[in-house]
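[1] Here is my input; please provide its structure:
(2 chains)
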Amino acid sequence: MSLLSSGTLYRGKVGMWSWVLHRITGVAMFFFLLVHVLDTALVRVSPAAYDVVIASYKTPIIGLAELGLVAAVLYHGLNGLRITLIDFWSKGAKYQNQMFWVVMAVTVALFVGFAPGHIINVFS
Amino acid sequence: MVDDVKVIAEVPSFTVTLMVRRYDPEVSEEVKWVDYEVTVYGTDRVLDALHKIKWEIDGSLTFRRSCAHGVCGSDAMRINGRNRLACKTLIKDLDITQPIYVEPIKGLAVEKDLVVNMEPFYKAYRDINPFLIANDKPEKERLQSPEDRARFDDTTKCILCAACTTSCPVFWTDGQYFGPAAIVNAHRFIFDSRDEGAEVRLDILNDKEGVWRCRTTFNCTEACPRGIQVTKAIAEVKQAILKGRP
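    Residues are numbered from 1 along each chain as shown, chains lettered A, B, ... in the order given. Predicted coordinates:
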């Protein structure tokens, strides 16, 4: 009941949840980029330390996280095109729902194309 | 024969449970969900059920309603998690096997039960100059072609119920945002060929808290009881700002 006493969750539709997912993937990518900039900058500080950090990335856990990163980039990028069309295409608002499912379909298709090869790489 | 007439005239009735989010600062600061069981008819709307509670069970239940027919825009509330007018939501269209959750619209301060302080909402509306701006004296009719009138027809339908603005996730966390309703009403004049204040209004909305706050979640479009294509209207205002004219 404590959750309910602060009001129920707003039951938005595709538009709202696509935005929530866009936020989550965007923030996740920001943190990846932050770490990425830091580890790359490390090479100027100490090449040996850089090697240690990069070697630590070649583990299955990071390998699986990379899968997540690719999924996030695919969704965020494609949904970004959808949002651009909503703002700039006169029929964008009308077809936003259908465009979301196209975004999801393309995201899944590209991800399915990428994942097997990557998983083989990570675990070999 | 008489029996047949009786069967036709009888409107099916059923029992539903309403969970209403109650808050009365004069009694307690605590917000609580209270359930009411009422017998309603297939023709009844959520507003009728609320009336039944207020008139027959608990007279302290507080909510706004004026015309009760979807014109005045007083009874916007969150019904089963979505902003709706209680007077336009038929109970039979909801899942009556589950309790119906009724709570105040989100993002505006609750004063009592389902009544919120609408002032920040009205202020945003006033801030966009919701009136005709024209320099010439009104000595004769201002003529307009049907095509020019059609340009802003959709946004003339607004009844200021606040269902759109309080469905917006941006507005919930940023009360400074003008919100969909104010932008819709700005759109109504910006794209009116008789109006000369488009530049002023575009300037007002070309702000961090103006149209650029919109994240196109389409909650507003989905919530509008008048079917206004709100997100589309906001996108058109964005375009007008980029072009520098309507």
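
[2] Please make it C-alpha for all contacts and neighbour counts, starting now.
    OK.

[3] what about the longest helix in the chain?
    Picking chain A for this. If you go by DSSP state H, chain A has its longest helix at helix A:14-45.

[4] um, chain B though
    helix B:230-243.

[5] Identify each buried residue in that helix, please.
    Residues of helix B:230-243 classed as buried: B:230-241 (neighbour count, 16 or more other C-alpha atoms under 10 Å in any protein chain shown).

[6] Likewise for stretch B:103-123?
    B:103-108, B:110, B:112-116, B:121.

[7] Quick one: those residues as JSON lines, columns for pLDDT, distance to residue B:28 and secondary structure too.
    Formatted as JSON lines, the buried residues of stretch B:103-123 follow (pLDDT from 0 to 100; distance: C-alpha to C-alpha, whole Å; DSSP: H, G, I helix; E, B strand; the rest coil):
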{"residue": "B:103", "pLDDT": "97", "distance to residue B:28": "17", "secondary structure": "strand"}
{"residue": "B:104", "pLDDT": "97", "distance to residue B:28": "17", "secondary structure": "coil"}
{"residue": "B:105", "pLDDT": "97", "distance to residue B:28": "20", "secondary structure": "coil"}
{"residue": "B:106", "pLDDT": "95", "distance to residue B:28": "20", "secondary structure": "coil"}
{"residue": "B:107", "pLDDT": "95", "distance to residue B:28": "21", "secondary structure": "coil"}
{"residue": "B:108", "pLDDT": "96", "distance to residue B:28": "19", "secondary structure": "coil"}
{"residue": "B:110", "pLDDT": "96", "distance to residue B:28": "13", "secondary structure": "strand"}
{"residue": "B:112", "pLDDT": "96", "distance to residue B:28": "11", "secondary structure": "strand"}
{"residue": "B:113", "pLDDT": "96", "distance to residue B:28": "12", "secondary structure": "coil"}
{"residue": "B:114", "pLDDT": "97", "distance to residue B:28": "15", "secondary structure": "coil"}
{"residue": "B:115", "pLDDT": "97", "distance to residue B:28": "16", "secondary structure": "strand"}
{"residue": "B:116", "pLDDT": "97", "distance to residue B:28": "17", "secondary structure": "strand"}
{"residue": "B:121", "pLDDT": "98", "distance to residue B:28": "26", "secondary structure": "helix"}
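
[8] Might you enumerate the residues of chain A proximal to chain B?
    Selection of chain A residues close to chain B by C-alpha under 8 Å from any C-alpha of the partner chain yields A:4-5, A:7-13, A:15-19, A:83, A:86-88, A:93-94.

[9] Okay, now the unreliable bits of chain B?
    Within chain B, the stretches with pLDDT under 70 are B:1-9.

[10] So which bits of it are right by chain A?
    Going by C-alpha under 8 Å from any C-alpha, the residues of chain B near chain A are B:21, B:31-33, B:80-82, B:103, B:167, B:215-219, B:231-232, B:235-236, B:238-239.

[11] ok, the residue nearest to residue B:164 when sequence neighbours are not counted to residue A:94 distance?
    Nearest non-adjacent residue to residue B:164, counting by C-alpha to C-alpha, 6 or more residues apart in numbering or on different chains: residue B:220, 4.0 Å away. Note on residue B:220: its distance to residue A:94, by C-alpha to C-alpha, to the nearest Å, is 14 Å.
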